[in-house]
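# Below is the structure, and that's it, no one-letter string:
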């Protein structure tokens, strides 16, 4: 029994070393690419597209498996704890030992899950940073002074045109209504159809600007928000690791206590007769032979 | 199915960014045609007038197309920048009617080729 508990303690020590080493095996990786397609996707759809890419990766499969194993282990732990509490005699000892082993196994599984989760969050954070970098390098219309100047000139031209359109009709066509060419009417018809489609696209739920704290934000701000959230999740994961470390310590203490308990009992069972107080033997000496 | 949807969305997004020859290019070509008619010394006044009227009508049409085209609002190439930077030269017919000038006079004036400027010009080498 004592040997088994020693092995358990060694196992716990190994589990703690494994928890400290965050390396994730190569077959459980997720390597998303900050592609042109991702950058051009509507901001509201970006997060879902990244999540779908993740779900198709070996890392997601490994995380799913770890999650399922943990759920099974948690259910087993509950049953084992109840059984150990209810048992008496040698059965109780055996069940307590099994409970300790299962707790150790649970901690190992949880440590593995944390490693995978950390890998996911780090990859996600790096992807957001790369996307943000690309978007900032490419810039937007608002950042381009030439585009801003063009927009200003276009607006001024439209105002001037609207003010002179009637005068032109009267001067050139005399009847006040210019006859439109075939090209003009066709172009106008198509432009109207395009406008309707563009309006439908702009109001489509998939193209709605994402919201942060109840206000609409652009793609850059949304990516910054996602990166910040990934950082916060990483910090929470570090805190959960600390919880796990304390759990491991408690299991180790339980194992030591149990080992001591077993050791004491074995000593009692195999011990020599208790040496009494020396004064109890006085009678042997005071009477003459 | 999801992959197909994503591919279609990506292609549609990329296509929306590309542009073929649009009304602005047609406007430039039509205006060049009108100026060629107006400047052609081989044409007699009646023939010129007969050819100018339909050309003006087409040009008015195209100028309105460009000015009302919401799609070209996202077009920020050099042609669009140059065109909207000079309303008088780009929208020649509307600008000339607005200012009570002949299109050719307005065009020459905006290029610095008015009678007064030509009379005061000196012949020299550059």
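Cool, the structure landed. Since the model is a prediction, treat every value here as computed from it, not as a measurement.

# Run through the neighbouring helices and strands of whatever helix or strand residue A:152 lives in.
Using DSSP states H and E, residue A:152 maps to helix A:145-173. Other elements packing on helix A:145-173 under the criterion 3 or more Cβ pairs under 8 Å, 6 or more residues apart in numbering or on different chains; DSSP states H and E are helix B:45-68, helix B:78-85, helix B:87-90, helix B:92-99. To be clear about C-beta, it is placed using only N, CA and C from the backbone, and glycine gets the same treatment.

# Now do that helix against helix B:92-99, angle only.
Here helix A:145-173 runs at an angle of 70 degrees relative to helix B:92-99 (axes from the mean of the first three to the mean of the last three Cα atoms, to 10 degrees).

# helices and strands of chain B: which one bottoms out on pLDDT?
Every helix and strand in chain B was compared by mean pLDDT, DSSP states H and E; the lowest is helix B:2-17, with a mean of 46.

# That helix: what's the following helix or strand?
Downstream of helix B:2-17 (by DSSP H and E), the next one is helix B:23-39.

# Show me what that following helix packs onto, helices and strands only.
helix B:45-68, helix B:78-85, helix B:103-110.

# Put together CSV for the ones you listed, with distance to residue A:121 on each row.
As requested, these are arranged in CSV below (distance: least, Cβ to Cβ, whole Å):
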stretch, distance to residue A:121
helix B:45-68, 50
helix B:78-85, 44
helix B:103-110, 61
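
# Please name the residues that touch residue A:251.
Applying Cβ atoms under 8 Å, 6 or more residues apart in numbering or on different chains to residue A:251 gives the contacts A:12, A:100, A:103-104, A:107.

# Report the angle between the helix or strand that the helix holding residue A:152 is followed by and helix B:23-39.
For helix A:145-173, the following helix or strand on the C-terminal side (DSSP H and E) is helix A:182-203. On the basis of the same axes, to 10 degrees, helix A:182-203 is oriented at 160 degrees to helix B:23-39.

# could you give the mean pLDDT of helix A:182-203?
The average of the pLDDT scores along helix A:182-203 is 81.

# ok, residue A:222 - contacts?
Taking Cβ under 8 Å, 6+ apart, one finds A:43, A:46-47, A:210, A:212 in contact with residue A:222.

# From those residues, keep the buried residues only.
For these, a neighbour count by 16 or more other Cβ atoms under 10 Å in any protein chain shown gives the buried set as A:43, A:46-47, A:210.

# Just the ones in helices from the residues you listed, please.
Using DSSP state H, A:43, A:46-47 are the members of the buried ones among the contacts of residue A:222 that sit in helices.

# Tell me where the model's unsure across the chain.
Since no chain was named, I'll use chain A. In the predicted model, chain A carries pLDDT under 70 at residues A:1-26, A:139-143, A:174-181, A:183-184, A:271-276, A:289.

# Chain B is the one I meant
Counting by pLDDT under 70, chain B has low-confidence residues at B:1-21, B:70-76, B:126.
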